[in-house]
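Visitor: with the input below, show me the fold.
(chains A and B)
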2 protein chains.
Amino acid sequence: MLYFIGLGLGDAKDITVKGLEIVKQCSRVYLEAYTSMLTVGKDALEEYYGRELILADRDMVEQEADEILKGADVSDVAFLVVGDPFGATTHSDLVLRAVNAGIQYRVIHNASIMNAVGCCGLQLYNFGETVSVVFWTDTWRPESFYDKIKKNRDLGMHTLCLLDIKVKEQSMENLMRGRKIYEPPRYMTVSQAAEQLLEIVQNRRERGDDLAISEETICVGLARVGAEDQAIRAGTLRQLASCDLGGPLHSMIVTGHLHPLEVDMLRLSATTPDALQDLQMTDSSTYTS
Amino acid sequence: MLYFIGLGLGDAKDITVKGLEIVKQCSRVYLEAYTSMLTVGKDALEEYYGRELILADRDMVEQEADEILKGADVSDVAFLVVGDPFGATTHSDLVLRAVNAGIQYRVIHNASIMNAVGCCGLQLYNFGETVSVVFWTDTWRPESFYDKIKKNRDLGMHTLCLLDIKVKEQSMENLMRGRKIYEPPRYMTVSQAAEQLLEIVQNRRERGDDLAISEETICVGLARVGAEDQAIRAGTLRQLASCDLGGPLHSMIVTGHLHPLEVDMLRLSATTPDALQDLQMTDSSTYTS
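Guide: Coordinates of the predicted model:
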């Protein structure tokens, strides 16, 4: 049996009791370590689980999947994923490979940012399509996520923005020379995401577009959701561009239509002491009583 | 401290290790029992947790919240919720009451249907607004969820349909007479939801509307997600109307634009042996290679 086990968000103890029992009994345990991260590292997990973990990076999952599946038809293998196992495409791929190889699989679910984000007080069923925000480079500055946010806002929906993670990336030079030298990991902050979005807003304004988002649109920045030191800040897009929410991982929400109960909840994490007032004043178009 | 602890989906062992430790140490433990259910009952949870649980029905949470909060400023109280604590509006209300009473709170997240639904192979970030489908009566047959599904489909998005739960409902007669006699709990099945949706499709067709959904639209029925005996069936809306997925809870997805990898995953749970073929043939408008 191949077990896909969600580790949830936070630290080693956010695994479920069922998940932990399975980890302890499997012959091999892989840790997927490129689509998300916990606030603790591999060593802390190994110590708590009492098991050696095999780090599965993107190369291994995509190119050496047979290695992961080896023997899973006769013994139990666990594949650990931060959050829930079905956030990222790649794990569907691993499921299909397992099924094609005649290997049974089972999923042990857990919290992921896709549902835990509800802790900020915005209703999950008022979210539209989730978008990804990637690091811009000098030559590649995609704006497509803005258009998705616009579509959501046109329907009154909130948008969860998942922020870029660069792990084991090679510089262009190292890639071209075939050198397996990797850049330090980078995690996009709420501030960086807000900056990029502000730049797009400015571009669109200059083009004379009908603006779906402005500097005053209410957004929510979230950091380390589920961990002891999680941080949530609600404020205008402009305010979030200059806020420091500390270490990774960060996510951002661009709000749509706000229900009064949602506004009350956002006030609990407002960026400024008087943002309680701001929340009603600055973006009244999206607020109805 | 007031702890909101998600129990996840499935059974007693789907609580996180962190959640279980807190449950064991709290002075009082409430179990919210009206917005969802596990495959095991209160007794099984009490035995596994080694704690007495106080059942918190809708009346208690909405009208006697002070009782739940009592003493939470000086000792620890746990409020257990099936799935994740922030699926339902009511818990925001309890958070706000706690904060207003000067009581700190903390959330222990877990899987909910809102993210676990990804196990069927549809990508979570391709879902639009989530809708609720309520039991129709002779006089109340709301069709608004159809319009939300249409909006999602127009954008190529999938729609998660949460199906009605009627717990501790009173008959009109008992309600009017003030008799606290409750009807047996009812949980909408995928088949019932599909029947209602088919009826709306027929109504709209007769009105000459531009149809967003037809009898051949690919849908996914899910039952007891996360439990040992979970069931997932992908098929046409018409096929799902006559499928029996067993006991509660059920949910249904109306698909939007399907990515090839999503189609491959759905084939694993197709309603008929040749539905592998059907999936490409019957709804080709939503399928691109």
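Visitor: residues in contact with the residue nearest to residue A:171 when sequence neighbours are not counted?
Guide: Excluding the flanking residues, the one nearest residue A:171 by Cβ to Cβ, 6 or more residues apart in numbering or on different chains is residue A:183, at 6.0 Å. Glycine gets a C-beta too; all of them are placed from N, C-alpha and C. By Cβ atoms under 8 Å, 6 or more residues apart in numbering or on different chains, residue A:183 lies in contact with A:166, A:169, A:170, A:171.
Visitor: count the residues that sit near the third one.
Guide: Okay, so that is residue A:170. Here the number of neighbours of residue A:170 (other Cβ atoms under 10 Å in any protein chain shown) works out to 15.
Visitor: measure the residue lying closest to it once chain neighbours are set aside to residue A:174 for me?
Guide: Counting by Cβ to Cβ, 6+ apart, residue A:170 lies nearest to residue A:182, which is 6.1 Å off, once chain neighbours are set aside. Per Cβ to Cβ, to the nearest Å, residue A:182 is found 8 Å from residue A:174.
Visitor: next: residue A:145.
Guide: Using Cβ to Cβ, residue A:145 is found at 28 Å from residue A:174.
Visitor: neighbour count: the two, which is higher?
Guide: residue A:145 (21 against 14).
Visitor: contacts for the helix or strand residue A:98 falls within?
Guide: Using DSSP states H and E, residue A:98 maps to helix A:89-100. Helix A:89-100 is contacted by residues A:2, A:4, A:32, A:35, A:58, A:61-62, A:65-66, A:68-69, A:72, A:79, A:81, A:85-86, A:104-105, B:121, B:123, B:261-262, B:264-265, B:268 when judged by Cβ under 8 Å, 6+ apart.
Visitor: which of those residues fall within strands?
Guide: A:2, A:4, A:32, A:79, A:81, A:105 (DSSP state E).
Visitor: measure the closest residue to the fifth one other than its chain neighbours to chain B for me?
Guide: Leaving aside its sequence neighbours, residue A:81 sits nearest to residue A:32 (Cβ to Cβ, 6+ apart; 4.8 Å). As for residue A:32, its distance to chain B is 15 Å (criterion: Cβ to the nearest Cβ, to the nearest Å).
Visitor: need the contact list for residue A:32.
Guide: A:56, A:61, A:79, A:80, A:81, A:82, A:91.
Visitor: enumerate the beta-bridge partners assigned to it.
Guide: Note on residue A:32: beta-bridge partners residue A:56, residue A:81, judged by DSSP bridges.
Visitor: roughly how far does it sit from residue A:80?
Guide: With Cβ to Cβ as the criterion, residue A:32 and residue A:80 are 6 Å apart.
Visitor: same question for residue A:257.
Guide: 38 Å.
Visitor: of the two, which one has the most company?
Guide: Neighbours around residue A:257 and residue A:80, counted as other Cβ under 10 Å, are more numerous at residue A:80. The numbers are 27 against 15.
Visitor: give the contact list for the closest residue to residue A:10 other than its chain neighbours.
Guide: In this structure, residue A:10 finds its nearest non-sequential neighbour in residue A:226, 4.0 Å apart by Cβ to Cβ, 6+ apart. For residue A:226, the contact set (Cβ under 8 Å, 6+ apart) comprises A:8, A:9, A:10, A:14, A:111, A:116, B:107, B:109.
Visitor: where does the first one land on pLDDT?
Guide: The model reports residue A:8 with a pLDDT of 95.
Visitor: and it, what is it in contact with?
Guide: With Cβ under 8 Å, 6+ apart, residue A:8 has these contacts: A:14, A:15, A:16, A:82, A:83, A:110, A:111, A:112, A:226, B:16, B:109, B:110.
Visitor: go again using 10 Å as the cut-off
Guide: A:14-16, A:19, A:38, A:81-84, A:109-112, A:116, A:226, B:6, B:8, B:16-19, B:108-111 (Cβ atoms under 10 Å, 6 or more residues apart in numbering or on different chains).
Visitor: got it, and the fifth one?
Guide: Contacts of residue A:111 were listed using Cβ under 10 Å, 6+ apart, and they are A:6-10, A:14, A:16, A:83-84, A:117-119, A:225-226, B:6, B:8, B:16, B:83-85, B:107-112, B:115-116.
Visitor: mind checking which of those residues land in helices?
Guide: In this view, the contacts of residue A:111 that belong to helices under DSSP state H are B:115, B:116.
Visitor: what comes up buried for the top helix by length along chain A?
Guide: In chain A, with assignment by DSSP H, the single longest helix is helix A:190-206. In terms of neighbour count (16 or more other Cβ atoms under 10 Å in any protein chain shown), helix A:190-206 has its buried residues at A:190, A:191, A:192, A:193, A:194, A:196, A:197, A:198, A:200, A:201, A:204.
Visitor: so which elements touch that helix?
Guide: Helix A:190-206 is packed against strand A:131-133, helix A:144-154, strand A:159-163, strand A:218-223, strand A:231-236, helix A:237-241, strand A:250-254, with contacts defined by 3 or more Cβ pairs under 10 Å, 6 or more residues apart in numbering or on different chains; DSSP states H and E.
Visitor: tell me the mean pLDDT over that helix?
Guide: The average pLDDT for helix A:190-206 rounds to 97.
Visitor: and for stretch A:269-285?
Guide: On average, stretch A:269-285 scores 61.
Visitor: surely residue A:214 touches residue A:198?
Guide: Yes - in this structure residue A:214 lies within contact range of residue A:198 using Cβ atoms under 10 Å: 9.5 Å.
Visitor: what sits in contact with each of these two?
Guide: What both residue A:214 and residue A:198 touch, as defined by Cβ under 10 Å, 6+ apart, is the set A:237, A:238.
Visitor: kindly state the domain boundaries assigned to chain A.
Guide: As assigned by automatic domain parsing, chain A contains the domains A:2-111, A:114-286.
Visitor: need the ones you listed in JSON lines with distance to residue B:27, can you?
Guide: Compiled in JSON lines, the domains of chain A are given as follows (distance: least, Cβ to Cβ, whole Å):
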{"stretch": "domain A:2-111", "distance to residue B:27": "21"}
{"stretch": "domain A:114-286", "distance to residue B:27": "21"}
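Visitor: so which of those is nearest residue B:218?
Guide: Closest to residue B:218 of those, according to Cβ to Cβ: domain A:2-111, at 16.6 Å.
Visitor: quick one: the closest one to chain centroid distance?
Guide: 18 Å (Cα atoms, centre = their mean, to the nearest Å).
Visitor: next up, the contacts around residue A:46.
Guide: Contacts for residue A:46 (Cβ under 10 Å, 6+ apart) come out as A:12, A:29, A:31, A:52, A:53.
Visitor: residue A:119 now?
Guide: With Cβ under 10 Å, 6+ apart, residue A:119 has these contacts: A:111, A:222, A:225-226, A:230, A:232, A:265, A:269, B:4, B:84-86, B:91-92, B:95, B:106-107, B:109.
Visitor: can you rerun that using 6 Å?
Guide: B:86, B:107 (Cβ atoms under 6 Å, 6 or more residues apart in numbering or on different chains).
Visitor: with residue A:166 instead?
Guide: residue A:186.
Visitor: switch the cut-off to 8 Å
Guide: Residue A:166 touches A:135, A:183, A:185, A:186, A:187, counting by Cβ under 8 Å, 6+ apart.
Visitor: from residue B:61, how far off is the spatially closest residue to the fourth one that is not a sequence neighbour?
Guide: The shortest distance from residue A:186 to any non-neighbouring residue, by Cβ to Cβ, 6+ apart, is to residue A:166 (4.3 Å). Residue A:166 is 44 Å from residue B:61, where distance means Cβ to Cβ.
Visitor: contacts for the helix or strand that residue A:175 is a member of next, please.
Guide: Counting by DSSP H and E, the element that carries residue A:175 is helix A:172-176. Defining contact as Cβ under 8 Å, 6+ apart, one finds that helix A:172-176 is touched by A:180, A:181, A:182.
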